[in-house]
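Q: Here's a sequence, model it:
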Amino acid sequence: MPEGDTVFRTAERLRAALAGKTLTRSDFRVPRFATVDLAGDLVTEVGSYGKHLFIRTDRVSIHSHLKMEGEWRVFHCGQRWTKPRVTARVVLANDDAEAVGFALGKVEVLPRAAEHTVVDHLGPDLLGPDWDSDEALRRLTTHPRRPIGLALLDQRNLAGIGNIYRSEICFLRRVHPATPVADIPDLPALVDEAHRVLGKAAHEPPWRPMVYGRTRRPCQRCGTAIVSRLLGEDDHADRVTRRERGIYYCPRCQSEPTN
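A: You can find the predicted model right below:
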């Protein structure tokens, strides 16, 4: 699933193509919004919050979530699309460009005043201008016995982390992902690491994982084979589930908790 850095960069590309320009055509291939016509609306801004993306006009906010396979691409007017047309769920066009949302997990058109309902339950946005580490800490410590590997994935604690970055953050802090939140030696440092890692991934791509997806390959610190496991789920899950939701770590650098 695309994580906060991917959504952040997607918003940047869409902002360059759409912001400050008037829509000449909109096409929502979602039954609930199929009759919505935004032709003539000015796109005022494009932004993201965690894994959520918003394209705003002076009247509405187009909210989308990429989920597992979604992607926004920008084309010159008349350019042939590079993904199957049948997977397009939103088309937004102006005189210069077409922005097409393919296979989006969620699409909705909201009144601007209702946009907050999408993000009110989320924790601080790791890539937002108002990032609040103290609030993230407060939320994480609300459930002190929860494994950190699950707590980091919960968007209600801090928004933007997915499976890749929870593995990387735990590895960089030498913390086993099953360690309860309350037992983390320096939780503020781990939260700061999350902010640093996601920020670097968003602003300095390409970013190469140190442990994610490296099962049985040597740890880059000690040479021990990297392993993966599921947390809070069936340890006998199929290979695809393990690859998509498993957390990766070094069993030597990240000692397993004893209780």
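
Q: helices or strands next to the longest helix seen in the chain in the packing?
A: If you go by DSSP state H, the chain has its longest helix at helix 187-203. Counting contacts by 3 or more C-beta pairs under 8 Å, 6 or more residues apart in numbering; DSSP states H and E, helix 187-203 is packed against helix 4-18, helix 133-140, helix 163-172. Every residue, glycine included, has its C-beta placed from N, CA and C.

Q: so for that helix, what's the average pLDDT?
A: Throughout helix 187-203, pLDDT has a mean value of 97.

Q: who's in contact with that helix?
A: Contacts to helix 187-203, defined as C-beta atoms under 8 Å, 6 or more residues apart in numbering, come from residues 3-5, 8-9, 126-127, 131, 133, 136-137, 140-141, 148, 152, 158, 160-161, 165, 168-169, 172-173, 175, 181, 184, 207.

Q: Only the buried residues of that helix, if you could.
A: The neighbour-count check on helix 187-203 (16 or more other C-beta atoms under 10 Å) flags Leu187, Leu190, Val191, Glu193, Ala194, His195, Val197, Leu198, Gly199, Ala201, Ala202 as buried.

Q: what's the domain layout of this structure?
A: 4-119, 133-249 (automatic domain parsing).

Q: now the last one, how far from the centre of its chain.
A: Averaged C-alpha coordinates place domain 133-249 at 14 Å from its chain's average position (C-alpha atoms, centre = their mean, to the nearest Å).

Q: start to end distance for that domain?
A: Across domain 133-249, the terminal residues are separated by 25 Å (C-alpha to C-alpha, to the nearest Å).

Q: Make a markdown table out of the buried residues of helix 187-203 and add distance to Gly213.
A: Below are these laid out as a markdown table (distance: C-beta to C-beta, whole Å):
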| residue | distance to Gly213 |
| --- | --- |
| Leu187 | 26 |
| Leu190 | 21 |
| Val191 | 24 |
| Glu193 | 20 |
| Ala194 | 19 |
| His195 | 23 |
| Val197 | 16 |
| Leu198 | 18 |
| Gly199 | 21 |
| Ala201 | 15 |
| Ala202 | 19 |
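
Q: from what I can see His52 touches Asp120, true?
A: No - if you go by C-beta atoms under 8 Å, His52 and Asp120 don't touch, sitting 11.5 Å apart.

Q: Compare these two (neighbour count), which wins?
A: His52 (23 against 7; other C-beta atoms under 10 Å).

Q: Quick check: bridge partners of that one?
A: According to DSSP bridges, the residues that bridge with His52 are Tyr49, His65.

Q: hang on, the earlier thing: out of the helices and strands packed on helix 187-203, deepest packed?
A: Highest mean neighbour count of the helices and strands packed on helix 187-203: helix 163-172, a mean of 24 (counted as mean count of other C-beta atoms under 10 Å).

Q: Tyr248 and Val211 touch, don't they?
A: Yes - look at Tyr248 against Val211 with C-beta under 8 Å: they come within range, at 4.4 Å.

Q: Now do the shared contacts for those two.
A: Ser167, Phe171, Ile226.

Q: hang on, isn't the second one packed against Met210?
A: In other words, Phe171. Yes - counting by C-beta under 8 Å, Met210 is a contact partner of Phe171 at 5.8 Å.
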